[in-house]
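K.L.:
Sequence unavailable; structure follows:
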């Protein structure tokens, strides 16, 4: 039996983020595994759990902002398009809005449909040992 409140959607969307209510600059990352209640943020920045983040997802025509709180942190290297890499994965719980409506979710999924390839360090090691 699933303990998740909302269905998760595998996706990959490049995003900019910053610390909510602080002027510390903008950072980049990737959103994956999104649901109406949260997502997974992959970034090279080290973030403490329980921190609040503002996330901006955009393309040429549309932008969408959500606020979330870090509830989980994992270490792991991911490589995106052979140029961008991330060191950490953070489970984010959306706090504003507290849950995305189906319209919000459709928008984010539309924005994320890009041909980006993710190679985790585990997959890369397996490929190189063959």
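P.N.:
Noted; the coordinates are in hand. Computed from a predicted structure; not experimentally measured. Residues are numbered from 1 along each chain as shown.
K.L.:
buried ones in the longest strand anywhere in the chain?
P.N.:
The residue-count maximum for a strand in the chain (DSSP state E) belongs to strand 63-80. Using 16 or more other C-beta atoms under 10 Å as the test for burial, strand 63-80 gives 64, 66, 67, 68, 69, 70, 78, 79, 80. Every C-beta, even on glycine, is put in place using the N, C-alpha and C of the backbone.
K.L.:
Spatially, which two of those residues are the most separated?
P.N.:
Largest separation among the buried residues of strand 63-80 by C-beta to C-beta: 67 and 79, giving 28.2 Å.
K.L.:
Spit out the contact partners of the residue nearest to residue 51 when sequence neighbours are not counted.
P.N.:
Distance criterion C-beta to C-beta, 6 or more residues apart in numbering; nearest residue to residue 51, sequence neighbours excluded, is residue 70 at 5.0 Å. Contacts for residue 70 (C-beta atoms under 8 Å, 6 or more residues apart in numbering) come out as 47, 48, 49, 50, 51, 52, 53, 90, 91, 92.
K.L.:
Residue 79 versus residue 70, what's the distance?
P.N.:
From residue 70 over to residue 79 the distance is 23 Å, taken as C-beta to C-beta, to the nearest Å.
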